[in-house]
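Enquirer: the amino acid sequence is not available; the structure is as follows:
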């Protein structure tokens, strides 16, 4: 009988760990999704880009979700003059 309780306890701990990892993964996915959406909207509304470049950057961000958004963040966005 104690073996069954041990197995049940181990399964309960494993489920808690997996739930915690799932919640963490969901939070990361939410942050990355919001970053992707922010970069996509910024590409369309960026006044310093020509219309053709807006479409190119939007396509890059859309078809390469995280890598495209990261590339646009570092290379496509215009920073203010320092």
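Expert: Sure, I can see it. Source: prediction; values computed, not measured.

Enquirer: check which helix or strand the residue nearest the centre of the chain maps to.
Expert: Nearest to the geometric centre of the chain sits residue 32, at 1.4 Å (CA atoms, centre = their mean). Using DSSP states H and E, residue 32 maps to helix 2-45.

Enquirer: what do you get for residue 52?
Expert: Per DSSP H and E, residue 52 falls inside helix 51-63.

Enquirer: run through who's touching that helix.
Expert: For helix 51-63, contacts defined as CB atoms under 8 Å, 6 or more residues apart in numbering pick out 36, 39, 40, 43, 44, 46, 49, 68, 69, 71, 72, 76. For every residue, glycine as well, the C-beta is placed using N, CA and C.

Enquirer: surely the second one and residue 75 touch.
Expert: No - counting by CB atoms under 8 Å, residue 39 does not reach residue 75; the two are 11.3 Å apart.

Enquirer: who has more neighbours, the two?
Expert: Per other CB atoms under 10 Å, whichever of residue 39 and residue 75 has more neighbours is residue 39, with 23 against 8.

Enquirer: what's near enough to touch the more buried one?
Expert: 61, 68, 69, 72, 73.

Enquirer: average pLDDT for stretch 45-63?
Expert: Averaged over stretch 45-63, pLDDT sits at 93.

Enquirer: buried set for it?
Expert: Of all the residues in stretch 45-63, those buried under the rule 16 or more other CB atoms under 10 Å are 46, 49, 54, 57, 58, 60, 61.

Enquirer: on that earlier part again, need the nearest residue in space to the residue nearest to the centre of the chain, chain neighbours excluded.
Expert: Leaving aside its chain neighbours, residue 32 sits nearest to residue 66 (6.0 Å; criterion: CB to CB, 6 or more residues apart in numbering).
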